[in-house]
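J.: Pasting the sequence and the predicted coordinates here, then a few questions.
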Amino acid sequence: DAPSRNVVAEIVGREKPDEIVVVSGHLDSWDIAPGAIDDGGGVVCAWEAARLMHILGLRPRRTIRVVLWTNEENGLRGARSYAERHRQELARHVLAIESDRGTFHPTGFSFHGNDRANAIVGQLAALLDGMHADKIVPGGGGADVEQLAPAGVPVMELTVEDANYFWFHHTTADTPDKVNPKDLGQCAAAMAVMAYGIADLPESLPR
């Protein structure tokens, strides 16, 4: 064990800055694995989603908070610490999104929330039909954002065509040459569209 920290950055919302949409991936990797797919690609997607909004001059109603989690692989202590540190704010966390299934071609998102929220998420996902990333399936978020779910935060994870994921997962083969730049860019775009869409809703995503 050693001290470590999450990395956090924000695009502050223009109308409701105290309401938060989290976009995230985890920084650490398995002991023998370089960690390009698990989860370097997820970190790049989260950061790139916010960077795209920034360079396009997009500032949603609510705050986009990028969180790059530490210690997912060995105890989830980055996410658990975040949940504890921000417990008084979690009622104002509108959604938490994670990318931790690799950065193959995106297919959509898994989502855990109520039926009304699911309908809204489905409408936003239709914007991703052009790259066939519009499927919303029942399920949770990634392991990190699931730490926020007990407080009622809706959680979501990017889904991808992951048939080859376990060829590389937690092995020495998890290297940058396994990441397809086009797929990575589309994963980041999908996360950006969903995060911005939720953050800019006139009314908050129902719980």
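T.: Yep, that arrived.
J.: which residue ranges form the helices in this structure?
T.: Here the chain has its helices, by DSSP state H, at 41-55, 77-85, 115-125, 165-168, 181-199.
J.: Check which helices and strands the last one sits against.
T.: Right, helix 181-199. Helices and strands touching helix 181-199, by 3 or more C-beta pairs under 8 Å, 6 or more residues apart in numbering; DSSP states H and E, are strand 16-26, helix 41-55, strand 62-69, strand 93-98, strand 106-112, helix 115-125, strand 155-160. For glycine as for every other residue, the C-beta is placed from the backbone atoms N, C-alpha and C.
J.: Buried ones in that helix, by neighbour count?
T.: Within helix 181-199, the residues scored as buried using 16 or more other C-beta atoms under 10 Å are 183-184, 186-199.
J.: Which of the helices and strands in the protein ranks last by mean pLDDT?
T.: Among the helices and strands of the chain, helix 165-168 carries the lowest confidence by mean pLDDT, DSSP states H and E, at a mean of 94.
J.: roughly how far is it from the heart of the chain?
T.: From the chain centre to the centre of helix 165-168 is a distance of 20 Å (C-alpha atoms, centre = their mean, to the nearest Å).
J.: which residues are contacting that helix?
T.: For helix 165-168, contacts defined as C-beta atoms under 8 Å, 6 or more residues apart in numbering pick out 36-38, 101-102, 104, 173-175, 178.
J.: So for the chain, the centremost residue is which one?
T.: In the chain, the residue lying closest to the centroid (C-alpha atoms, centre = their mean) is E98, at 2.4 Å.
J.: what's the closest non-adjacent residue to it?
T.: G142 (3.4 Å; C-beta to C-beta, 6 or more residues apart in numbering).
J.: tally of neighbours for that neighbour?
T.: Applying other C-beta atoms under 10 Å, we find 26 residues neighbouring G142.
J.: Output stretch 24-31 as PDB, nothing but the C-alphas.
T.: Listed in PDB are the C-alpha atoms of stretch 24-31, where the atom choice follows Å, rounded to 0.1, in the frame of the first residue of the first chain:
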ATOM      1  CA  SER A  24     -14.300   8.400 -15.900                       C
ATOM      2  CA  GLY A  25     -11.800   5.600 -16.300                       C
ATOM      3  CA  HIS A  26      -9.200   4.100 -14.000                       C
ATOM      4  CA  LEU A  27      -5.500   4.900 -14.000                       C
ATOM      5  CA  ASP A  28      -4.000   1.800 -12.500                       C
ATOM      6  CA  SER A  29      -3.400  -1.500 -14.300                       C
ATOM      7  CA  TRP A  30      -2.900  -5.200 -13.300                       C
ATOM      8  CA  ASP A  31       0.600  -5.900 -11.900                       C
END
